[in-house]
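>>> Predicted structure and sequence below. I'll ask about it afterward.
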Amino acid sequence: MKLMSILILEGRKEDLKKKYSDKFDEETLNWILNISDLVDFNHKYTDFLLKVVDPEIDASPEYIENIIDYLKLFDKYQSQFPKKDINQYVSFIELESVVNHVIKKHKEKELEKKVNKIYEDNKFLVVKPETEEASCKYGSNTKWCVTSKGTGHFERYTKGAQGLYFIINKTNSTNKNYSKVAVHFDNAGKPHFWDSQDSLMNERESEILKYAFPELIEAINQDYNKFKMGALDRLLIETFNQVGENSSEKKNYLNSKNDLSVYFRGFRNTPNRAEGLLSISLFTPEGNKLIDQYRVFIKYKSKNNEQFTASVSFVGEEDYLENFQDFELDGWGIDTTYLIMRTPAETAEGVRRHISQRVLDHIQDNPKLMKMVAGTSNVWRPDRFNYGYTFGKNKGLIKKLVNYLEKGEIGTKLDFLESIGKLKTKVIDGKKLYSHSYSDKFFPSSQFRGQFSSFFASAKLAGILGYRKIGKDYFLVKGPNFEAFKSGKLKAL
């Protein structure tokens with residue numbers, strides 16, 4: 001049987017050679033008869049091709065290939081043509097015209113499948129186009145930008161949590177402006193109504209439409225509400241596919257000539273989370289020093305139309321550089337809520353910027369980092385603007401506090417102030433009341449909680465003082481820098 005097929009095919013080729021040898025030169029005729037597409041069809045369309053091609057006008061490879069493309073379409077949709085025998089067509093122009101007509105009808109049927117019919121009655125049809133082609137078909141005879149081919153407007157108005165619907169008046173509308181109405185939901189879920197002239201309908205016009213056709217509007221709202229949560233997830237996926245970089249810096253860190261920088265690059269989306277890379281560097285007069293690095297993992301979930309939650313964790317890289325320090329971000333993380341901005345790129349940038357700033361705030365008081373820059377970890381930054389205390393010398397009120405803690409006294413701030421004579425107490429009706437040393441009026445402890453607040457806040461900030469909560473009270477204890485201050489090694493920057 002295989003041999004028989006070969007013999008038949010060769011026989012057809014010989015017949016065609018004899019028939020068209022006077023029309024084509026031998027080289028051109030042999031080339032056409034050996035075109036693989038024509039061979040695959042067992043030369044059933046070759047006679048038509050040789051008949052319609054005029055070698056005196058155009059027998060170029062491009063022209064021949066164009067005819068073959070149409071022959072393929074004819075073969076594919078042969079049952080849909082009024083004349084199903086290729087030899088009934090007298091010219092390529094006739095075949096081209098008929099094929100284009102059938103393909104157009106076929107595409108229109110395909111486009112109908114690329115819209116969701118949301119609502120239909122005897123007067124109105126509501127569709128949600130899924131493609132630019134469908135938008136152009138169902139938005140025809142309007143001035144909507146989403147019906148312009150190749151402009152990108154359709155994608156721009158349908159990506160993320162946006163929704164696009166067309167209300168089509170099936171009857172002969174007396175007002176051409178409202179023969180079709182587009183309903184566009186923005187990323188925040190707010191609907192906007194546009195008439196067929198692409199004019200934004202005002203609030204009154206929109207309310208009239210909602211009042212006159214409640215079933216139609218309700219169908220649109222229900223469909224969008226189903227769509228938007230899935231759309232938000234898609235928007236977040238798009239957000240965490242945005243690759244970019246952001247950094248946060250602390251100029252003249254610890255009043256030195258070094259700039260502390262946290263640089264974050266991301267994202268790369270994986271099925272359950274996004275990833276990025278975070279680097280911590282010191283910019284010194286000698287150059288840039290990379291001092292720690294982490295892979296960042298972000299699990300995210302949509303919360304509502306405007307926000308999503310994220311859990312950020314860190315995994316340290318190997319300490320492969322001499323200057324590397326371990327700032328122990330592995331045991332630290334960020335759990336927060338982010339706003340969904342106008343575009344995925346803006347949202348991604350906001351996340352990167354927030355992570356880099358949070359890490360910078362977290363590490364700048366790290367003892368290892370302080371020692372690396374200042375030569376000692378026994379340093380602190382006074383809040384001179386609000387408090388004014390720098391504890392340059394161990395004397396006065398701070399010396400009294402140090403002595404109080406050194407003796408192992410157990411008490412609250414008011415107990416300490418009473419012990420050094422700043423306050424006096426009296427028990428009245430079983431309640432302990434307080435008074436200034438220069439006054440005879442006694443009040444409950446709540447009236448004195450703000451006493452020397454700047455002093456205590458600065459002592460806590462310096463690490464000289466700490467607190468331990470027992471019940472409802474906070475008792476004074478030694479802070480992490482207590483011994484360094486007592487020995488004169490604590491430095492205020």
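Yes, it's here.
>>> can you give me the strands in the stretch 1-150 of the chain?
Along the stretch 1-150 of the chain, counting by DSSP state E, counting those that start in this stretch, strands occupy 115-120, 124-129.
>>> and those, which one's lowest on average pLDDT?
With a mean of 89, strand 115-120 has the lowest mean pLDDT of the strands of the stretch 1-150 of the chain.
>>> Show me where the stretch 251-400 of the chain has its strands.
Going by DSSP E, counting those that start in this stretch, the stretch 251-400 of the chain shows strands at 259-269, 274-284, 287-302, 307-316, 333-339, 379-380.
>>> For the strands of the stretch 1-150 of the chain, state which one has the densest average packing.
strand 124-129 (a mean of 21; mean count of other Cβ atoms under 10 Å). For the C-beta atoms, the positions are set from N, CA and C on the backbone; glycine is no exception.
>>> Can you name the next helix or strand after the longest helix belonging to the chain?
In the chain, assigned by DSSP state H, the helix with the most residues is helix 214-239. Using DSSP states H and E, the helix or strand that follows helix 214-239 in sequence is strand 244-250.
>>> so where's the stretch 251-400 of the chain shaky on pLDDT?
The stretch 251-400 of the chain contains residues with pLDDT under 70 at 318-323, 377.
>>> these two touch, right, Trp380 and Lys460?
No. The criterion here is Cβ atoms under 8 Å, and Trp380 misses it with Lys460 at 10.3 Å.
>>> Looking at these two, which one has more neighbours?
Neighbour count, other Cβ atoms under 10 Å: between Trp380 and Lys460, Trp380 has more, with 22 against 14.
>>> Enumerate every residue touching that one.
Applying Cβ atoms under 8 Å, 6 or more residues apart in numbering, one finds that Trp380 lies in contact with 461-463, 481, 490-493.
>>> same thing but at 6 Å, please
462-463 (Cβ atoms under 6 Å, 6 or more residues apart in numbering).
>>> tell me which strands and helices the longest helix of the chain is in contact with?
strand 115-120, strand 163-169, strand 287-302, helix 344-363 (3 or more Cβ pairs under 6 Å, 6 or more residues apart in numbering; DSSP states H and E).
>>> CA-only coordinates of the second one in PDB, if you can.
Once non-C-alpha atoms are left out, strand 163-169 reads as follows in PDB (Å, rounded to 0.1, in the frame of the first residue of the first chain):
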ATOM      1  CA  GLY A 163     -13.700  44.800  36.100                       C
ATOM      2  CA  LEU A 164     -15.200  45.800  32.700                       C
ATOM      3  CA  TYR A 165     -18.800  45.200  31.600                       C
ATOM      4  CA  PHE A 166     -20.900  46.400  28.600                       C
ATOM      5  CA  ILE A 167     -24.600  47.100  28.900                       C
ATOM      6  CA  ILE A 168     -26.000  46.800  25.300                       C
ATOM      7  CA  ASN A 169     -29.500  48.000  24.300                       C
END
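>>> As CSV, the strands of the stretch 1-150 of the chain with distance to Gly276 would be great.
What follows is the strands of the stretch 1-150 of the chain, written out as CSV (distance: least, Cβ to Cβ, whole Å):
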stretch, distance to Gly276
strand 115-120, 37
strand 124-129, 35
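>>> And the helices in the stretch 51-200 of the chain?
61-76, 92-112, 132-138, 153-156 (DSSP state H, counting those that start in this stretch).
>>> what's the first-to-last distance across stretch 266-280?
One end of stretch 266-280 to the other measures 15 Å (Cα to Cα, to the nearest Å).
>>> so how far is that stretch off the chain centroid?
Put simply, stretch 266-280 sits 12 Å off its chain's centre (Cα atoms, centre = their mean, to the nearest Å).
>>> If you count neighbours, what's buried in it?
Neighbour-count burial for stretch 266-280, with 16 or more other Cβ atoms under 10 Å as criterion, is recorded at 266-267, 269, 273-274, 276-280.
>>> I'd like the residues you listed laid out as CSV, including distance to Ser248.
Shown next, in CSV, are the buried residues of stretch 266-280 (distance: Cβ to Cβ, whole Å):
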residue, distance to Ser248
Gly266, 14
Phe267, 17
Asn269, 23
Arg273, 23
Ala274, 19
Gly276, 14
Leu277, 15
Leu278, 11
Ser279, 12
Ile280, 10
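>>> So which of those is the closest to Glu133?
Set against Glu133, the nearest of these by Cβ to Cβ is Asn269 (28.7 Å).
>>> what's the spacing between the closest one and Cys145?
Per Cβ to Cβ, to the nearest Å, Asn269 is found 30 Å from Cys145.
>>> Alright, calling it a day.
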